[in-house]
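Enquirer: All I have is the shape, not the residue letters:
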């Protein structure tokens, strides 16, 4: 059954957990979709895990459209949510609606996600007024990494925690159908989850959220370097891939690949006609 924003809201009402993962290409999206995922986020995290940038900030609308189109072709049952990249909704409300519309109309997404709380509720209202569902994103918002001074847990003091709670309520009031909570202390994330009627999707925010999301490269061991504390490695696919690549290289150099079973034959009489 196709997952929609309505099924996301219904899941919270019934106390059913929602599972989300990122994807950035057709083949991965199809695998994730066929596994039974509720939602796929085409995240601007693609800047780091697919394009090799140090942050999400260089990602453009054209990057997001390119990858969203591919994911949408592979995800038939999952709700496809596309990130609004840095500066795609910051200049004006009109710009925000236009770019959100492109991700739906050209990219094939069913919803968009944008970072920020009360400061961006005007944009959230305008986008939802255009019949485009919006997922909010609070806590560690990677597009604000320079303002935060790095990738740090958010909401650890009373003032910071109250602001996150207020922002979540503001996003709900503005029409967001769900809210991602990233790198937020688990007790605070649970409090926010209880305070709003829309589902919360946690990443580094504890089990008290209505659902969870991970970057698929992190959970499969595909992305180099240390994994964040909140990541569980479900497989070491990266090591398996490197081993397979190494075996292939060795067999090519040794002349043991390809074998007879990997080649095509032709009639010898046709070969003899060559001059």
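Expert: Everything's here; your move. As the structure is a computational prediction, the values presented were derived from the model and not from experiment. Numbering: from 1, shown residues only.
Enquirer: helix/strand/coil for residue 243?
Expert: Secondary structure, DSSP: H, G, I helix; E, B strand; the rest coil: residue 243 is helix.
Enquirer: Same question for the one 4 residues further on.
Expert: Here residue 247 is helix, with the state taken from three-state DSSP.
Enquirer: quick one: pLDDT of it?
Expert: As predicted, residue 247 sits at a pLDDT of 98.
Enquirer: Contact partners for it?
Expert: Contact analysis of residue 247 by C-beta atoms under 8 Å, 6 or more residues apart in numbering lists nothing. The C-beta positions use only the backbone N, C-alpha and C, and glycine is treated the same way.
Enquirer: any idea how this structure splits into domains?
Expert: Listed by automatic domain parsing, the domain ranges of the chain are 5-236, 240-272.
Enquirer: Packed most tightly, which of those domains would that be?
Expert: domain 5-236 (a mean of 19; mean count of other C-beta atoms under 10 Å).
Enquirer: Give me the mean pLDDT for that domain.
Expert: Across domain 5-236, pLDDT averages out at 95.
Enquirer: quick one: stretch 243-259 to chain centroid distance?
Expert: On the basis of C-alpha atoms, centre = their mean, to the nearest Å, stretch 243-259 sits 35 Å off its chain's mean C-alpha point.
Enquirer: Quick check: end-to-end length of stretch 123-138?
Expert: 15 Å (C-alpha to C-alpha, to the nearest Å).
Enquirer: cool, and stretch 28-47?
Expert: Span of stretch 28-47 from end to end, C-alpha to C-alpha: 17 Å.
Enquirer: what does stretch 145-153 give?
Expert: Per C-alpha to C-alpha, stretch 145-153 runs 11 Å from first to last residue.
Enquirer: same question, stretch 257-270
Expert: Stretch 257-270 has an end-to-end distance of 26 Å (C-alpha to C-alpha).
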